[in-house]
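Chemist: let's see this in three dimensions:
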Amino acid sequence: MAKDEVVDRVTTLAESLLSSQGMELVDIEYKREGRHMVLRLFVDKAGGITLDDCALVSREFSEILDVEDFISENYTLEVSSPGLNRPLKRESDYERYRGRLVKVRTYDVVEDEDGNRRKTFLGDLQGLAGGIVTLKLREGQMARIPLAKIAKANLEFGF
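Modeler: Sure thing, here's the model as predicted:
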């Protein structure tokens, strides 16, 4: 089974388990690290995820994967919190974290309202509307970035 197929199937199974636990799937990594494959789930919930939450999900999801038995390679399952620099993956994340400091990287160069062309933006998230993510940049100007051009977006921890 191809990596993308594994990730798709794991996503379906994990979202079902996590929703029943009041948690959400933030991201999945399935990649080779050294000589072994690692299947890493990043999970979260309102108020934050605890070590006990990660252990519970790991135990229960491991049992599900053993029953489903669709991953042919040997792998290590890891369950983790998304951390302080949580990625923004879903459209709903751009509304949920409105007002928070974010870093956005784009596939292509995008202009801010002052005409500055760049691929990396740091600013306060204003939200998402009509497929456009709006940031108030640290320099003071606004940037409107098409969601389709965003390669990666993360919360940033500001001091």
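
Chemist: just the CA atoms of the helix or strand that contains residue 58, as CSV, please.
Modeler: Residue 58 belongs to helix 51-68 when assigned by DSSP states H and E. Listed next in CSV are the C-alpha coordinates belonging to helix 51-68 (Å, rounded to 0.1, in the frame of the first residue of the first chain):
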residue,chain,number,x,y,z
LEU,A,51,0.5,12.6,28.4
ASP,A,52,-2.3,10.4,29.6
ASP,A,53,-4.4,11.3,26.6
CYS,A,54,-1.5,10.4,24.3
ALA,A,55,-1.0,7.0,26.0
LEU,A,56,-4.8,6.3,25.8
VAL,A,57,-4.9,7.0,22.1
SER,A,58,-1.7,5.1,21.5
ARG,A,59,-3.1,1.9,23.2
GLU,A,60,-6.6,2.1,21.6
PHE,A,61,-5.3,3.0,18.1
SER,A,62,-2.6,0.3,18.2
GLU,A,63,-5.4,-2.2,18.8
ILE,A,64,-7.4,-0.9,15.9
LEU,A,65,-4.3,-1.0,13.6
ASP,A,66,-3.6,-4.6,14.7
VAL,A,67,-7.2,-5.6,13.8
GLU,A,68,-7.2,-3.7,10.5
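
Chemist: can you give me how far it is from the chain middle?
Modeler: Taking the mean of its C-alpha atoms, helix 51-68 sits 20 Å from the chain's own mean (Cα atoms, centre = their mean, to the nearest Å).

Chemist: next structured bit after it?
Modeler: strand 75-80.

Chemist: chain center to that following strand, what's the gap?
Modeler: Distance, stretch centre to chain centre, for strand 75-80: 16 Å (Cα atoms, centre = their mean).

Chemist: in the following helix or strand past it, what counts as buried?
Modeler: Next helix or strand after strand 75-80 toward the C-terminus (DSSP H and E): helix 91-96. Of all the residues in helix 91-96, those buried under the rule 16 or more other Cβ atoms under 10 Å are 93-94. Just so you know, the C-beta spots here come from the backbone N, C-alpha and C atoms, and that holds for glycine as well.

Chemist: I'd like to know which elements helix 91-96 is packed against.
Modeler: Helix 91-96 is packed against strand 117-129, with contacts defined by 3 or more Cβ pairs under 8 Å, 6 or more residues apart in numbering; DSSP states H and E.
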